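Student: Provided below for reference: sequence and predicted model.
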Number of protein chains: 2
Amino acid sequence: MKRNVKILGIGSYLPKRIVTAAKIDEMIGAKTGWSEGKSGVKQRHFVEDETTSFMGSEAAKEALKDAGLNYDDIDCIISGSGTMEQPLPCNASLIQKQLGLQHSGIACFDVNSTCLSFVTALDMISYAIHAGRYKNVLVISSEISSVGINWRQGESSILFGDGAVAVVLTKSEDTSGILSSHMETYSAGAHLSEIRGGGTKIHPREHSEKTKNDFLFDMDGRAIFKLSSKLIPSFIEKLFKNTNLSMNDINMVVPHQASAAAMKIIRKKLNVDETRFMNIIENYGNIIAASIPMALHESIKQGRIERGDKLLLLGTSAGVSIGGIILEY
Amino acid sequence: MKRNVKILGIGSYLPKRIVTAAKIDEMIGAKTGWSEGKSGVKQRHFVEDETTSFMGSEAAKEALKDAGLNYDDIDCIISGSGTMEQPLPCNASLIQKQLGLQHSGIACFDVNSTCLSFVTALDMISYAIHAGRYKNVLVISSEISSVGINWRQGESSILFGDGAVAVVLTKSEDTSGILSSHMETYSAGAHLSEIRGGGTKIHPREHSEKTKNDFLFDMDGRAIFKLSSKLIPSFIEKLFKNTNLSMNDINMVVPHQASAAAMKIIRKKLNVDETRFMNIIENYGNIIAASIPMALHESIKQGRIERGDKLLLLGTSAGVSIGGIILEY
């Protein structure tokens, strides 16, 4: 079912501190050039004093300005993030407070499907917006990966960045809308990409020199890619079903920025050339759920997409999930 | 907008270990009778070796059986919980794996608005079910509070319990449906009920004898109640607006089981008598987001509600949020 939902505005925030690939090489004791060669990331931003709610609120302010709306127009704030500022309460509440909207009553909650959290939040809330439940919704992905990186795991430590993106969604009065969406989860890979400690299973009180790696990001990238890449063709088929569109009709693929190597293989699988495949990993790294909306924001800023274009948002996440949305921008 | 969504089945799981009020008094060094007098909780269940995903999967199996459905019928699993088993991946994926559905592709994600997570998940997914996106959805609240209790905070430590509840939602072919729903968040109270440590702001590596309380539940119950209780009358008015129903038409109020004292005041504010107000706190304690569906399950098991009845699900949560759903069961 087409949902008459429009991305009316978008904004982002990047931490002030830029960390280059050369700096990463130095940090992990690798030869200069190693991390960039392996990950395709030339630089990323890492927080110094910025919090999730601070970054999220800065991105939200920019998105509201871009949409030409005021705080009063917003009736729902959703955090679509894979990381949390605090275990309790939810990110969206903390962002509402940071925005100075603590007495507004604007509904706040979080949606989490790790790297796909933005896509899942956009997908789910689109039905409620279409039905008239909410008028103008802020969906915010604000991610701090740097605090949980295991610097001894070369493969994963060189990939990540921090940052936040917000969009304002509203009911569409024109042809803009979500044309199709689909999600599949294969928990056979649930432990291929995880942080085992910090929840109810392994409480922070169990943190020690011996257990410390349980509280850091742990990934078997090769195994995840093996699992997810073979599932992509049938996933794409289901996503396009009932749309009377094909990949040729897509003006821009906006993929999750998992890693340069993974993105290259996926692009070839989709059979689209570089002009139709938004790749921003070299300047941002993988910023978890903020990756897809950040690539969307860059594609708008660079003038590579315009209103009326058909976009494919596509990603994989820990879980392991594959998710996608076809929309008219 | 009425959403044609039916709660087709419900199931729950309680940890094997029962902890009485007398035992709690002993643990916190209080006089026998103190914790029950203060909280109204005679007993609660605490996990021994059970995990969130184990409890959630047991509840899900019972809900499926109650609905007369098989695993094959389910196309979405949502965790609506305020606590996480691991920071990554999401609870729903871990529950999918525990159910042995790791190759199923069933979409999995989490919705989190702390104690209102079940209500928010039910509310949001109802639009997608009504629109035909998903056929049969498992919404699961599986909560372990016991691991994060601060036993030196008498007021909050005596309240909580662990447990899980699952419902199967499907498109309604009869008069069952969600008639109205509403949510408001006032982050002025965001830090009145929180766990500060364990997310990106205070990483578990910072756990120490000095910081340990940051990683435990911290609540100013009186301040939360003061904030939320004065908001309830206008909240209720908005929830009932456009329904042509009044509180007199509600067969059963199914409230969040925050504390016996808070529930008593809310019941009086709503002006409903005890027969129309499901109170299960004495045997369960406050089981976070599982409280409302557990009270629903008990009301069904005890024969206190039947198909066609009008129910009001109502609660407050950390954030601070107020949320409610009016549904025909």
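Tutor: Looks like it arrived, so ask away. Numbers count the residues shown, from 1 in each chain, chains lettered A, B, ... in the order given.
Student: give me the element residue A:181 is part of.
Tutor: strand A:177-185 (DSSP states H and E).
Student: mind listing what residue A:241 touches?
Tutor: By Cβ atoms under 8 Å, 6 or more residues apart in numbering or on different chains, the contact set of residue A:241 is residue A:180. Every residue, glycine included, has its C-beta placed from N, CA and C.
Student: Hmm, I typed the wrong one, I wanted residue A:121.
Tutor: A:78, A:79, A:80, A:111, A:139.
Student: Look at the residue nearest to residue A:40 when sequence neighbours are not counted and report its pLDDT.
Tutor: Nearest non-adjacent residue to residue A:40, counting by Cβ to Cβ, 6 or more residues apart in numbering or on different chains: residue A:260, 2.3 Å away. pLDDT, the model's per-residue confidence, is 91 for residue A:260.
Student: Same question for residue A:313.
Tutor: pLDDT for residue A:313: 98.
Student: Locate the closest residue to it other than its chain neighbours within the secondary structure: which element?
Tutor: Nearest residue to residue A:313, sequence neighbours excluded (Cβ to Cβ, 6+ apart): residue A:325, at 4.5 Å. Here residue A:325 sits within strand A:321-328, counting by DSSP H and E.
Student: Run a quick neighbour tally on the closest residue to residue A:85 other than its chain neighbours.
Tutor: Distance criterion Cβ to Cβ, 6+ apart; nearest residue to residue A:85, sequence neighbours excluded, is residue A:52 at 3.9 Å. Applying other Cβ atoms under 10 Å in any protein chain shown, we find 28 residues neighbouring residue A:52.
Student: Quick check: mean pLDDT of stretch A:235-255?
Tutor: 97.
Student: Of all the residues in it, which ones are buried?
Tutor: The neighbour-count check on stretch A:235-255 (16 or more other Cβ atoms under 10 Å in any protein chain shown) flags A:235, A:236, A:239, A:240, A:245, A:250, A:251, A:252, A:253, A:254, A:255 as buried.
Student: Between all of those residues, which two are separated the most?
Tutor: Farthest pair in the buried residues of stretch A:235-255 (Cβ to Cβ) is A:235 and A:251. Separation: 20.2 Å.
Student: Show me the strands in the stretch 151-300 of chain A, by range?
Tutor: A:163-171, A:177-185, A:193-194, A:218-219, A:252-255 (DSSP state E, counting those that start in this stretch).
Student: Among those strands, single out whichever gets nearest to chain B.
Tutor: strand A:177-185 (3.9 Å; Cβ to the nearest Cβ).
Student: Could you list the low-pLDDT ranges of the stretch 101-250 of chain A?
Tutor: Residues of the stretch 101-250 of chain A meeting the criterion pLDDT under 70: none.
Student: where exactly do the helices run in it?
Tutor: Using DSSP state H, counting those that start in this stretch, the helices found in the stretch 101-250 of chain A span residues A:117-130, A:154-157, A:221-229, A:232-240.
Student: what about the first one, distance to the chain center?
Tutor: In terms of Cα atoms, centre = their mean, to the nearest Å, the gap separating the centre of helix A:117-130 from the centre of its chain is 14 Å.
Student: Just list whatever residues bridge to residue A:177.
Tutor: residue A:328 (DSSP bridges).
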